[in-house]
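*Asks:* build me a model:
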Amino acid sequence: MNNTTRLAASIGRLILSSDSAPVNLTQSALLMLRVVLGTVMIHNGLDKLADIPGFAEAYVEAIGLPFPIFFAYCAAITEVVAAPLLVIGFLTRPAALGLFATMLVANYHHILIGGFSIPSIELSSIYAVAFAFFTVYGGGKYAIDSLIVNVLGKWLTSDAVVVEPIKVTASK
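*Replies:* Numbering: from 1, shown residues only. Alright, predicted model coming up:
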């Protein structure tokens, strides 16, 4: 195979193969996605907290959930607490799971009120799928979770943790 053929094959793999991107580039894209999603959700949560009664009436009561004020606070606090965790990549999976659950309820609300209308469900569906991804995948290489796992892994495999057995000698 000559160099031109190899170059064409490499470019073809880069364009067509989904796993050919450099790891750092892929992980940087995941970091950007976490930061953007989390930042927007913080804003959404703060909007809910600013008018809990209005949110409870317009969204929670509209889908028939009991205790609308309680569930309005649950949604708002989940977004305000879990979204920053997602941004920094700390407890990413549980945070993303909570956000995924709120987006499922938002999807249900949009479908109940507007039917299967793409304009009404597209944004909450995109959020839901993105949060589902982070629930399964985790925060990626550039997350505090990964840093903690790496530090714990090094600590648990280091010689400092190995406990030497105590030698007992019999005295006469």
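
*Asks:* so how far is P22 from the residue lying closest to S124 once chain neighbours are set aside?
*Replies:* For S124, ignoring the flanking residues on the chain, the nearest one in space by Cβ to Cβ, 6 or more residues apart in numbering is A106 at 4.1 Å. Heads up, the C-betas are built off the backbone N, CA and C, glycines and all. Counting by Cβ to Cβ, to the nearest Å, the gap from A106 to P22 is 35 Å.

*Asks:* and H109, by the same measure?
*Replies:* Distance, H109 to P22, using Cβ to Cβ: 40 Å.

*Asks:* same question for P53.
*Replies:* For P53, the distance to P22 equals 50 Å [Cβ to Cβ].

*Asks:* next, count neighbours for G64.
*Replies:* When neighbours are counted by other Cβ atoms under 10 Å, G64 registers 8.

*Asks:* residues contacting it?
*Replies:* G64 makes contact with no residue under the criterion Cβ atoms under 8 Å, 6 or more residues apart in numbering.

*Asks:* residue boundaries of the strands in this protein?
*Replies:* Secondary structure of the chain (DSSP state E): no strands located.

*Asks:* any chance you could map the helices in this structure?
*Replies:* Remark: helices assigned in the chain by DSSP state H are 3-16, 23-50, 52-55, 68-88, 92-114, 118-137, 144-157.

*Asks:* list the buried ones in the fifth one?
*Replies:* Right, the one you point to is helix 92-114. Neighbour counts over helix 92-114 (16 or more other Cβ atoms under 10 Å) mark 92-93, 95-107, 109-111 as buried.

*Asks:* what's it packed up against?
*Replies:* Helices and strands touching helix 92-114, by 3 or more Cβ pairs under 8 Å, 6 or more residues apart in numbering; DSSP states H and E, are helix 23-50, helix 68-88, helix 118-137.

*Asks:* which other helices and strands contact the second one?
*Replies:* Which is helix 68-88. If you count contacts as 3+ Cβ pairs under 8 Å, 6+ apart, helix 68-88 packs onto helix 23-50, helix 52-55, helix 92-114.

*Asks:* try it again at 6 Å.
*Replies:* Applying 3 or more Cβ pairs under 6 Å, 6 or more residues apart in numbering; DSSP states H and E, one finds that helix 68-88 contacts helix 23-50, helix 92-114.

*Asks:* reformat these as TSV; add distance to G140 and mean pLDDT.
*Replies:* Putting those into TSV (distance: least, Cβ to Cβ, whole Å; pLDDT from 0 to 100) gives the following:
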stretch	distance to G140	mean pLDDT
helix 23-50	4	94
helix 92-114	8	95
